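> Structure for this input, please:
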Amino acid sequence: MPNEFVKVVEDVGHDIKIGAEDVGKAVVWLPAHLVQAEKVIASVIKDSPVVKADVLTLISKTVSLESLVANDIAAKGLNLQSDMATIQAIEDLVSYVRGQFFTDISTAYKDLKADVTPAA
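A predicted model of the protein is given here:
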């Protein structure tokens, strides 16, 4: 029985490590692509301080998460307190993106689309 428990704990630790590495890759990817996306949405940012604030907040949250994930990956073994902080930061980022960020971007897109007149 104790060997089975140790195996389960090791498996969970391995899964958390792989998950953290995947999240780390996504966190590194996101800011790099946001910089590229900034060029595409530059006119919206100029016209919408809300979108600008949202993009800056998104970048700030991903950079903060990146350091948490890097620390978790660098740690040897499980550190439940640190892992939980990282999970909370991920949940916060996802909640922000799904809530305020997408709502504001959708509104800005609708406003921009309404301003565009089709060519005759």
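> if you skip the residues just before and after it, what's nearest to residue 71?
residue 82 (6.4 Å; C-beta to C-beta, 6 or more residues apart in numbering). All C-beta atoms are positioned from the backbone trio N, CA, C, and that covers glycine.
> Which pLDDT value belongs to the one you found?
At residue 82, the model reports a pLDDT of 81.
> Run a quick neighbour tally on it.
Residue 82 has 13 neighbours, counted by other C-beta atoms under 10 Å.
> now the one 10 residues further on
Residues near residue 92, counting by other C-beta under 10 Å, number 13.
> got a list of what it touches?
By C-beta atoms under 8 Å, 6 or more residues apart in numbering, the contact set of residue 92 is residue 61.
> which stretches of this protein form strands?
Using DSSP state E, no strands are assigned anywhere in the chain.
> Can you identify each of the helices in it by residue range?
2-40, 42-47, 49-74, 80-96, 102-115 (DSSP state H).
> Give me the helices and strands touching the third one, please.
Think helix 49-74. Packing contacts for helix 49-74, counted by 3 or more C-beta pairs under 8 Å, 6 or more residues apart in numbering; DSSP states H and E, involve helix 2-40, helix 42-47, helix 80-96, helix 102-115.
> Identify the residues contacting residue 50.
For residue 50, counting by C-beta under 8 Å, 6+ apart, the contacting residues are 104, 108.
> Mind pulling the model confidence for it?
So, for residue 50, pLDDT stands at 84.
> Enumerate every residue touching residue 104.
Residue 104 touches 50, 51, 54, counting by C-beta under 8 Å, 6+ apart.
> Kindly recompute the last result at 10 Å.
Residue 104 makes contact with 48, 50, 51, 53, 54, 55, according to C-beta atoms under 10 Å, 6 or more residues apart in numbering.
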